[in-house]
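A.B. asks: what's the 3D shape of this:
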Amino acid sequence: MTKNKKMFAAIGTSSVVVSSGLLAWQLYQVRNKKQELQQDSLSCHQEQQQMEQQASMPQYIPVPQNLLDSINQFEEMKLSPIETKEDLRSMIPRQLKRPWRLMDLANRGEYEQHLKAVRELSKLSLPDGEMTQLAQSCSRRTAVGLARTEGVDLRYFLSKPLPPDVVDRDIIDMFREILVKLPSGSAELHDCIKYFTNTALDQYVTNSDDHILDIDISEGFHRDSHQIKSIPRPSISQETIIEHCLQALLSHSTVEDQCSVLVTSLALPLFTKVVHAHPNNPRIKSLVGKILANISLHPAHHESLFKSGWVTTLATWKSSPNLLVSLPAIKALANMDVEYGVHTFMPGIYMLGPQDRHVQHRNNLSNWGVDVVFIHGLWGGVFYTWRQQDKENIRDCETEVGDDDDGYSFCWPRDWLEEDCRDHVRVIGCDFDSYLSQWGNNCPTQSYKQNLEERSEDMLAKLVQAGVGSRPVIFVGHSMGGLIIKKMLVSAQTSGDADLQQVAENTRGVVFYSTPHEGTHIAKMNSVVKYFFFPSVEVQELEIDSPALLELNTYFKQFVEKFKTRVISFGETIPTRHLGVDLTFVPPESSNPGVGEFLTVPYNHMDICKPESRKSILFRKFYNLLWDCVDDAMPYVQ
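C.D. replies: This is a model prediction of the structure:
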């Protein structure tokens, strides 16, 4: 028993010794591990400090040895700092350069990124080589955006060569081919369009080979309204034939299906060839611009217009001092930019200003303002009616601006409002003789002649598409244009359409320049004499004391009373010389609507809407009304 106790005591003592050894070993391992972790932590901290120090140090681009040698021998080789800077810049990868980052955002960025990038691109001034590379990289939306940006460098826009199958072809033969291709059985195609297409084919194109002469046709072209008034002489120039063919195509371009035919044919390169052949003819450019503006109403054709090089040409025409050239170009570019510009401009509706793409005319806190809409009268047009008064009558809408025209305005609503309130005023010009009635009175089918109600309804719908009515608006009308304004407002007020009612509710002011509110004695002239002086069916609606006009004026007074609309009217006091006869178009008693402010002024019917200067009462009264409306529209003072 005693022996066993000793054995157990020895075993216990051994166990304690072994356990103590194991515990000591574990403590040793833990201590070593802790030291290793501390060393690793210290090492990581040191590496991090080194990385931060390296990051804070200047970064250098490896310079090739040959350039180093050149720099080391700077004094000997006499390298200029500019050359050295260009050499260093050439080593930076292209995608890291600011212009290319902007181009990438403009081409592929989101809405706001695209807008800001295009704005910044328009401010760049780069060498020709780099600018050419950027131009080649422009997408359609970037090219259109740049074209609509004020002050853009035109080097962004590259010309496109004509297709090989167009270069050597005859222009008249190509017109013949396109006119024949256009379908004539469309339900949307007006009888007058068919008639004049056939006329262009039969009387001008088919017999052109025997009759082309290089003659001036200005006497066959009505300068006031851009209308062809008579069949040209038997011997006709190529320009005359081209103008009649373009007139026919312009009428076709008002129908969407016909636009598709034009785009898929050789029409777009043909137009380029025509413009190159007749670079100094503003009428041809104007007709082509109007056709392109109509085609641009359909987004499916935007890419075709871009690939055919027309954005380049439109960007150049946009800055032309000639309204015939610039206004259709501005409209075509705006229609191609509908994703960012929101609104579209139908035939006969033109944006006079501001023309910068970045002023989008949305009625909100950051982009508020007033719309001003100008509507001309009979025989007038947006290209001619609103020019500054020219007492010697030596200028017209086709005249190129010369050195002696310094300060003269061919469109005072555009020029005189641009500097003062460009950010908060949009100016729109209407041309209610937009395409069909450009043919004058030669169409045997008279149904295209619109009466007052039809004209008003058509124009009101087009103005709504242009965004008119979404914010305060002022209407300005000359002669019959004032009657159209009254009819539009009365119809909009009683309409069940919310957009049309908005036009009535947001109309803040109306200015009438010699509008026959109660008719005109001209309409009661002998029928033969009346037709000789005024061969237009609309004159029939303007008889003095016409019940329809009196009723319209009554409704308009009620409109003014309901919406508290400001009204300013001007009456003529000087007869107008027309075809050797002095005529008083609108007597003072008829030009007074019986509401608002009425002033008689010493002007005739044609000059009453053409102020001599900004100091003229014709402009100052309108301008004061405009600024009253701008002040009322300012969201920060309401």
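A.B. asks: Residue 356: how many residues sit nearby?
C.D. replies: Counted with other C-beta atoms under 10 Å, residues neighbouring residue 356 total 16. Heads up, the C-betas are built off the backbone N, CA and C, glycines and all.
A.B. asks: May I ask which helix or strand encompasses it?
C.D. replies: Remark: residue 356 resides in no helix or strand, with elements defined by DSSP states H and E.
A.B. asks: Skipping its backbone neighbours, what lies nearest it in space?
C.D. replies: Excluding the flanking residues, the one nearest residue 356 by C-beta to C-beta, 6 or more residues apart in numbering is residue 150, at 4.4 Å.
A.B. asks: Quick check, the one you found in contact with residue 319.
C.D. replies: No. Contact between residue 150 and residue 319 fails when scored by C-beta atoms under 8 Å: they sit 9.5 Å apart.
A.B. asks: what are the ranges of the strands in the stretch 451-600 of the chain?
C.D. replies: Chain-ordered strands for the stretch 451-600 of the chain, with DSSP state E, counting those that start in this stretch as the definition, fall at 473-478, 507-513, 566-572, 576-578, 581-583, 597-601.
A.B. asks: I'd like the ones you listed laid out as JSON lines, including distance to residue 179, mean neighbour count and mean pLDDT.
C.D. replies: Below are these laid out as JSON lines (distance: least, C-beta to C-beta, whole Å; neighbours: other C-beta atoms under 10 Å; pLDDT from 0 to 100):
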{"stretch": "strand 473-478", "distance to residue 179": "36", "mean neighbour count": "26", "mean pLDDT": "97"}
{"stretch": "strand 507-513", "distance to residue 179": "40", "mean neighbour count": "27", "mean pLDDT": "97"}
{"stretch": "strand 566-572", "distance to residue 179": "44", "mean neighbour count": "21", "mean pLDDT": "97"}
{"stretch": "strand 576-578", "distance to residue 179": "37", "mean neighbour count": "15", "mean pLDDT": "81"}
{"stretch": "strand 581-583", "distance to residue 179": "41", "mean neighbour count": "12", "mean pLDDT": "82"}
{"stretch": "strand 597-601", "distance to residue 179": "48", "mean neighbour count": "15", "mean pLDDT": "97"}
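A.B. asks: Now render these as CSV, adding distance to residue 103.
C.D. replies: Output for the strands of the stretch 451-600 of the chain, formatted as CSV (distance: least, C-beta to C-beta, whole Å):
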stretch, distance to residue 103
strand 473-478, 38
strand 507-513, 43
strand 566-572, 48
strand 576-578, 56
strand 581-583, 60
strand 597-601, 54
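A.B. asks: Can you say which of the ones you listed is nearest to residue 296?
C.D. replies: Closest to residue 296 of the strands of the stretch 451-600 of the chain, according to C-beta to C-beta: strand 473-478, at 24.7 Å.
A.B. asks: strand partners of that closest one, parallel vs antiparallel please.
C.D. replies: Strand 473-478 has its sheet partners listed here by DSSP bridges as strand 370-375 (parallel), strand 507-513 (parallel).
A.B. asks: Please list all residues in contact with the residue nearest to residue 356.
C.D. replies: 122, 354-356 (C-beta atoms under 8 Å, 6 or more residues apart in numbering).
A.B. asks: wait, is it part of a strand?
C.D. replies: No. Counting by DSSP: H, G, I helix; E, B strand; the rest coil, residue 150 falls outside a strand, being coil.
A.B. asks: Which residue ranges of the stretch 451-600 of the chain form helices?
C.D. replies: 452-465, 480-494, 498-506, 527-533, 547-563, 588-591 (DSSP state H, counting those that start in this stretch).
A.B. asks: and the angle for the second one with helix 498-506?
C.D. replies: Relative orientation of helix 480-494 with respect to helix 498-506: 110 degrees, computed using axes from the mean of the first three to the mean of the last three C-alpha atoms, to 10 degrees.
A.B. asks: What residues of helix 480-494 count as buried?
C.D. replies: 480-493 (16 or more other C-beta atoms under 10 Å).
A.B. asks: Least confident of those residues?
C.D. replies: The member of the buried residues of helix 480-494 with the lowest pLDDT is residue 480, at 90.
A.B. asks: SS state for the spatially closest residue to it that is not a sequence neighbour?
C.D. replies: Residue nearest to residue 480 in three dimensions, not counting chain neighbours: residue 377, with 4.4 Å by C-beta to C-beta, 6+ apart. Following three-state DSSP, we place residue 377 in the coil state.
A.B. asks: Surely residue 377 is in contact with residue 386?
C.D. replies: No. Using C-beta under 8 Å, residue 377 is not in contact with residue 386, being 11.2 Å away.
A.B. asks: Break this structure down into its structural domains.
C.D. replies: Taking automatic domain parsing as the reference, the chain has its domains at 65-156, 164-288, 346-393+408-633.
A.B. asks: Endpoints of the last one, how far apart?
C.D. replies: Using C-alpha to C-alpha, to the nearest Å, the end-to-end distance of domain 346-393+408-633 comes out at 27 Å.
A.B. asks: Run through the bridge partners of residue 567.
C.D. replies: Beta-bridge pairing for residue 567 (DSSP bridges): residue 510.
A.B. asks: What are the neighbouring residues in contact with it?
C.D. replies: Counting by C-beta under 8 Å, 6+ apart, residue 567 makes contact with 509-512, 560, 593, 595-597.
A.B. asks: which one of the residues you listed sits closest to residue 309?
C.D. replies: residue 511 (41.7 Å).
A.B. asks: Find the nearest non-adjacent residue to residue 124, please.
C.D. replies: residue 99 (5.8 Å).
A.B. asks: So residue 620 versus residue 349, what's the distance?
C.D. replies: Distance, residue 620 to residue 349, by C-beta to C-beta, to the nearest Å: 27 Å.
A.B. asks: Pick out whichever of those two has more residues nearby.
C.D. replies: Per other C-beta under 10 Å, whichever of residue 620 and residue 349 has more neighbours is residue 349, with 24 against 13.
A.B. asks: May I have the phi/psi pair for the more buried one?
C.D. replies: phi -110, psi 120 (degrees, to the nearest 10).
A.B. asks: Isn't it up against residue 460?
C.D. replies: No. Here residue 349 does not reach residue 460: they are 11.1 Å apart, not a contact under C-beta under 8 Å.
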